[in-house]
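Colleague: Below are the sequence and a predicted model; questions follow.
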Amino acid sequence: MKDRDVTVAPRGVLRGMREVPGDKSVSHRAALMGALSREGVEVEGFAPGADCASTLRCLEALGARVQRRGDRVRVARGEGPLGAAAVLDAGNSGTTARLLCGLLAGQPGTFTVIQGDESLSRRPMRRVVDPLRTLGARIDGREGGGLLPLSVRGTSLSGGVCTPGAPSAQVKSALLLAGLSARGSVTVAEPLKTRDHTEILLEHLGVPLRREGAAVTVYPLEDLPGGTWKVPGDFSSAAFWITAAALLPEGDLTLPEVGLNPTRTGLLSALGRMGLDYGVTDLALSGGEPLGTLQVRSSSLEGTVVDAPEIPALVDELPILAVAAVRAKGVTEIRGARELRFKECDRIAAMAEGLRTLGAEVEEREDGWILRGPCRLRGGEVDSFGDHRVAMALGVAALTAEGPVRIRGAACADISYPGFFEALSEDTAG
Ligand SMILES: O=C(O)C1=C[C@@H](OP(=O)(O)O)[C@@H](O)[C@H](O)C1
Ligand SMILES: C=C(OP(=O)(O)O)C(=O)O
């Protein structure tokens with residue numbers, strides 16, 4: 001990806017309609033499930049970003065049949081087993097690396113090496129490797145399997161009960177994918193419920209599953225049934241528009257067909273407490289996933305407290321919530337979010353630095369921030385640290401600033417939302 005800097009000018013008006021790209025988490029899972037299905041999975045609205053392209057490339061390298069026409073993607077295992085040996089490049093995508101680890105651990109006859117870019121090579125893998133090893137997985141790697149590259153020698157896995165110490169949908173999903181090809185059932189009991197797209201899609205495909213609170217059990221299966229559906233718009237991408245419309249004096253934005261899975265919409269709850277003026281219409285289901293039209297209007301926001309139990313449902317929205325917080329009246333405290341230090345960059349440090357450069361009052365804590373507002377933001381130059389969510393959150397902050405803001409390394413928005421910065425300065429009036 002060629003890097004580029006982007007300058008965002010302030011604006012006061014944000015009206016009309018904005019469609020967001022298909023959900024990244026759902027798209028990864030649809031593709032991975034397709035690779036376990038002879039019949040295949042076909043979706044419309046496949047996420048256009050580089051992360052899901054990494055998943056498709058890895059699956060192709062494994063011998064899965066991948067067909068892509070615009071935003072319509074079909075993945076199938078075909079008649080034979082997955083390829084015997086391959087080097088897989090997960091790029092910048094934690095979801096790709098971790099879910100593939102689980103999927104491949106239980107495929108006897110395969111031997112793969114999973115690698116990634118510089119950022120992904122720093123991110124922790126032990127959280128997925130250790131529980132997979134308890135099922136008999138043969139995974140090795142740098143620092144004893146703690147970091148990429150990892151080697152995965154597919155083998156016959158046993159069933160078991162896994163109790164990850166921290167909530168993570170990636171860990172849970174890796175274990176569930178491994179469980180589909182294990183010799184016995186696999187149960188994952190999480191300390192807090194995380195995004196449940198894997199469970200929903202498996203259920204949608206007719207795969208037997210047991211769910212009890214934050215615990216889920218899958219059973220061995222020869223072949224995954226196929227299916228077709230439309231991927232809802234990505235709530236995590238909509239989050240930038242929701243916040244922008246709320247913060248701008250003349251914000252009134254309609255966002256159609258946005259995924260509204262309650263394990264993802266924690267930002268709406270947090271902003272709702274802060275005074276967000278919004279409504280939801282046209283509720284529907286697609287592929288078992290709830291979606292609807294969001295309407296967001298300019299809002300007077302006040303500070304709030306976000307604590308550990310709320311984090312899983314808004315983990316990727318914390319950078320943009322920090323932007324809302326410095327523009328809100330009063331103090332916002334975000335706690336229990338240390339996990340942000342292990343994303344594409346250290347998001348706690350990156351947002352503290354970016355917002356402070358623009359004049360905000362931000363206190364960095366080990367597990368979050370204390371943010372005081374309302375701060376007037378000034379123009380300036382900030383860094384994305386190569387992290388798509390940081391780049392886009394600072395882009396929204398820039399809309400509300402008193403002068404233009406230059407964002408260094410803004411091309412990383414392409415990881416989840418190609419065209420975001422172009423859209424940010426477009427006139428959506430309609
Ligand atoms: O399962 C997923 O699709 C994801 C889970 C979350 O990560 P963790 O599992 O590390 O919490 C999230 O931050 C990531 O963007 C996508
Ligand atoms: C953390 C993210 O993704 P991943 O873990 O898949 O790299 C994200 O999209 O914010």
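Modeller: Arrived safely, thanks for sending. Numbering: from 1, shown residues only. Ligands and ions are numbered 1, 2, ... in the order given.
Colleague: Help me confirm that Arg15 is found in a helix?
Modeller: No. Following the definition DSSP: H, G, I helix; E, B strand; the rest coil, Arg15 is strand and is not counted among the residues of a helix.
Colleague: That one and Val296: what is the separation?
Modeller: Per C-beta to C-beta, to the nearest Å, Arg15 is found 11 Å from Val296. C-betas here are computed from N, CA, C, even on glycine.
Colleague: what's the overlap in contacts for these two?
Modeller: Gly251, Asp252, Leu253 (C-beta atoms under 8 Å, 6 or more residues apart in numbering).
Colleague: Cross-check the contact I'm expecting between the first one and Leu14.
Modeller: Yes. Checked against C-beta atoms under 8 Å, the pair Gly251 and Leu14 is within contact range at 4.8 Å.
Colleague: Reduced to three states, what does Asp130 come out as?
Modeller: Using three-state DSSP, the structure places Asp130 in helix.
Colleague: can you tell me which of the shared contacts of Arg15 and Val296 are in helices?
Modeller: The subset of those located in helices under the criterion DSSP state H is empty.
Colleague: Return the member of the residues you listed nearest to Ser121.
Modeller: Ser121 lies nearest to Leu253 out of the shared contacts of Arg15 and Val296, by C-beta to C-beta, at 37.7 Å.
Colleague: Name the residues linked to that closest one by a beta bridge.
Modeller: Listed beta-bridge partners, Leu253: Gly16, Val296 (assigned using DSSP bridges).
Colleague: who are the neighbours in contact with it?
Modeller: Contact analysis of Leu253 by C-beta under 8 Å, 6+ apart lists 14-18, 241-242, 244-245, 295-297, 428.
Colleague: Pipe these into a markdown table and attach neighbour count, pLDDT and distance to ligand 1 per row.
Modeller: Written out in a markdown table, the entries for these read as follows (neighbours: other C-beta atoms under 10 Å; pLDDT from 0 to 100; distance: C-beta to the nearest ligand atom, whole Å):
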| residue | neighbour count | pLDDT | distance to ligand 1 |
| --- | --- | --- | --- |
| Leu14 | 25 | 97 | 25 |
| Arg15 | 18 | 97 | 30 |
| Gly16 | 13 | 97 | 28 |
| Met17 | 13 | 98 | 26 |
| Arg18 | 25 | 98 | 21 |
| Trp241 | 26 | 98 | 18 |
| Ile242 | 27 | 98 | 17 |
| Ala244 | 25 | 98 | 20 |
| Ala245 | 28 | 98 | 23 |
| Gln295 | 17 | 98 | 26 |
| Val296 | 25 | 98 | 22 |
| Arg297 | 15 | 98 | 28 |
| Thr428 | 17 | 55 | 26 |
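Colleague: Of those residues, which is the nearest to Arg210?
Modeller: For the contacts of Leu253, the residue nearest Arg210 by C-beta to C-beta is Ile242; the value is 34.4 Å.
Colleague: list the residues that contact both of Gly251 and Leu14?
Modeller: With contacts taken as C-beta under 8 Å, 6+ apart, Gly251 and Leu14 have Ala244, Ala245 as neighbours in common.
Colleague: Where does pLDDT dip in the stretch 201-350 of the chain?
Modeller: Applying pLDDT under 70 to the stretch 201-350 of the chain picks out no residues at all.
Colleague: ok, the residue in the stretch 1-150 of the chain that ligand 1 sits nearest to - contacts?
Modeller: Closest approach of the stretch 1-150 of the chain to ligand 1 (C-beta to the nearest ligand atom) occurs at Ser25, with a separation of 3.3 Å. For Ser25, the contact set (C-beta under 8 Å, 6+ apart) comprises Thr95, Ala169, Arg195, His197, Asp234, Arg264.
Colleague: do that again at 10 Å, thanks
Modeller: Contacts here follow C-beta atoms under 10 Å, 6 or more residues apart in numbering; on that basis Ser25 touches 47, 51-52, 95, 99, 169-170, 173, 195, 197-198, 231, 234-236, 259, 261, 263-264, 316.
Colleague: Chain neighbours aside, what residue packs nearest to Gly102?
Modeller: Ala174 (2.9 Å; C-beta to C-beta, 6 or more residues apart in numbering).
Colleague: before we move on, what about Arg365?
Modeller: The shortest distance from Arg365 to any residue other than its chain neighbours is 7.2 Å, reached at Arg335 (C-beta to C-beta, 6+ apart).
Colleague: Double-check that neighbour against Leu371; I have them as touching.
Modeller: No. Between Arg335 and Leu371 there is no contact under C-beta atoms under 10 Å: 12.0 Å.
Colleague: So the two - more neighbours on which side?
Modeller: Counting neighbours by other C-beta atoms under 10 Å for Arg335 and for Leu371 shows that Leu371 has the greater number, 27 against 17.
Colleague: now the more buried one, which residues is it bridged with?
Modeller: Beta-bridge pairing of Leu371, defined through DSSP bridges, involves Thr332, Val362.
Colleague: Now do the contacts for it.
Modeller: Neighbour list for Leu371: 303, 321-328, 330-334, 351-352, 355, 360-363 [criterion: C-beta under 10 Å, 6+ apart].
Colleague: Done for today, thanks.
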